[in-house]
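Trainee: Using only what follows, build the 3D model:
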Amino acid sequence: MNGYWEYARTQLQNWQQDQNVFSRTSINAQPAANIPGASTRSDFRYHKQYHEERCTMQCMCIILLLRRNYAPLQPPLIIAGRWKFVIIVVGCVAAWYMGKLLANSMIDGSLQRALSAIQELALKATITAPFPKQHKCAHWTRCPAGTFAFLVLSGGAKFRPPQICFEDEMLLSSVKNNVGRGMNIAIVEAKTAKTVDTGNFDLWGGDKSERMIEFVKKAPDGSLILMTTYDDSYTRLTEDAKKYIEELGSRQIRSLTFRGNWVFLGTKGFTLPKNFQREKVLNSQKEGNRYGSWPAEIQIDGCFSPKTDYL
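Mentor: I've put the predicted structure just below:
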């Protein structure tokens, strides 16, 4: 085995000598005195081919020699390096081939057609439920024919104003700029849904209870009185005002406390069925309020029938 490696070293030395010979000899030289037996140009080319084949064999011997010198040192690294080289070559070939296919597809438009087809399949396979449609006064269900939709929403703290809606007409809201701190009231004709009047009465900064009572008393019989609070409606709400609101059908006005929320659908000149939801109250608590010392908003909504609910 040692003689084999000695032969490889000899071939390496011969290869170096041949390189020196070819570096000093021109292909057009006639005769080629440095190469034995090469007296003509054709003989020189023949011997050149011979030396090229010889150099190839010598290079193989050099590779074997290098393998002998380095293989015992770090065989795992050489094997890993070979695998890395193979992976890089295969990756480059695959990348070139895929790039060629992609370029051809982009040119003839087949890629765009394929993407469009995939998009169409995705749209067909996706089942989406339509977003629920809101009806009059933001109801999720439509009121029966011949009835009027209504919504009474209280305020929240000092920055979420109340709303009163009747038959999809916003009677009181911040958009209309007709709401304020205290009690907010809208008066509607029960049989025609026609708006009679709206008003706001500050029950914190001033004594407006008497004015509020006079305002409601002017409403004609057969009217719906929609009432909601904003911020505080308890501090200056007098006893006479509470009694008059109870005459309109309230059962919870005396439960209202400081900064509490209250919504109410009152009637003047008629009554509502006993199972009709017409009132809610939510007072401020020491803990658990949504807005610090103010509770969350509350609301009542429904469908009023001038035929069956007008008693």
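Trainee: okay, CA-based contacts and neighbour counts for the rest of this
Mentor: Fine.
Trainee: any low-confidence regions in the stretch 1-150 of the chain?
Mentor: Scanning the stretch 1-150 of the chain for pLDDT under 70 picks out the ranges 1-81, 95-112, 121-132.
Trainee: Mind doing that once more with 50?
Mentor: 4, 15, 19, 21-53, 55-56, 58-59, 65-66, 70-77 (pLDDT under 50).
Trainee: Test my guess that residue 272 contacts residue 309.
Mentor: Yes - Residue 272 is in contact with residue 309 according to CA atoms under 8 Å; the separation is 5.5 Å.
Trainee: list residues touching both of those two?
Mentor: Shared contacts of residue 272 and residue 309 (CA atoms under 8 Å, 6 or more residues apart in numbering): none.
Trainee: Tell me where the stretch 201-311 of the chain has helices.
Mentor: For the stretch 201-311 of the chain, the helices defined by DSSP state H, counting those that start in this stretch cover 209-217, 239-247.
Trainee: And for residue 146, the neighbour number?
Mentor: Burial measure for residue 146: 10 neighbouring residues, criterion other CA atoms under 10 Å.
Trainee: Equivalent analysis for residue 87, please.
Mentor: For residue 87, using other CA under 10 Å, the count is 12.
Trainee: Equivalent analysis for residue 144, please.
Mentor: 11.
Trainee: List the residues that contact it.
Mentor: By CA under 8 Å, 6+ apart, residue 144 lies in contact with residue 303.
Trainee: again with residue 238
Mentor: By CA under 8 Å, 6+ apart, residue 238 lies in contact with residue 209.
Trainee: Can you give me the pLDDT of it?
Mentor: Turning to residue 238, the model gives it a pLDDT of 95.
Trainee: So that it lines up with my notes, have the first residue be 30 from now on.
Mentor: With 30 as the first residue, the last one maps to residue 267.
Trainee: Give me the mean pLDDT for stretch 215-235.
Mentor: 94.
Trainee: How about the contacts made by residue 279?
Mentor: 293, 295, 308.
Trainee: Identify the residue nearest the first one in space, chain neighbours excluded?
Mentor: Looking back up the chat, that one is residue 293. residue 308 (4.4 Å; CA to CA, 6 or more residues apart in numbering).
Trainee: Then the second one?
Mentor: Closest residue to residue 295 apart from its sequence neighbours, by CA to CA, 6+ apart: residue 254 at 4.6 Å.
Trainee: List the beta-bridge partners for the one you found.
Mentor: Note on residue 254: beta-bridge partners by DSSP bridges are residue 216, residue 295.
Trainee: mind checking how far it is from residue 324?
Mentor: Distance, residue 254 to residue 324, by CA to CA, to the nearest Å: 24 Å.
Trainee: re the thing from before, may I see the contacts of residue 279 arranged in a markdown table, with distance to residue 329, neighbour count and pLDDT as well?
Mentor: Conversion of the contacts of residue 279 to a markdown table gives the following (distance: CA to CA, whole Å; neighbours: other CA atoms under 10 Å; pLDDT from 0 to 100):
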| residue | distance to residue 329 | neighbour count | pLDDT |
| --- | --- | --- | --- |
| 293 | 8 | 28 | 98 |
| 295 | 12 | 22 | 97 |
| 308 | 7 | 23 | 97 |
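Trainee: Next, format those residues as a markdown table and append distance to residue 192.
Mentor: Converted to a markdown table, the contacts of residue 279 look like this (distance: CA to CA, whole Å):
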| residue | distance to residue 192 |
| --- | --- |
| 293 | 12 |
| 295 | 16 |
| 308 | 15 |
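Trainee: got a list of contacts for stretch 332-340?
Mentor: 172-173, 175-179, 219-220, 299-302.
Trainee: Count the residues that sit near the nearest residue to residue 266 once chain neighbours are set aside.
Mentor: Nearest non-adjacent residue to residue 266, counting by CA to CA, 6+ apart: residue 238, 5.8 Å away. As a burial measure, residue 238 scores 21 neighbours (other CA under 10 Å).
Trainee: What pLDDT does the model give residue 238?
Mentor: So, for residue 238, pLDDT stands at 93.
Trainee: thought it was touching residue 262?
Mentor: No - using CA under 8 Å, residue 238 is not in contact with residue 262, being 9.8 Å away.
Trainee: Could you check the pLDDT of the closest residue to residue 253 other than its chain neighbours?
Mentor: Distances taken as CA to CA, 6+ apart place residue 296 nearest to residue 253, at 4.7 Å, with adjacent residues excluded. You'll see residue 296 listed with a pLDDT of 96.
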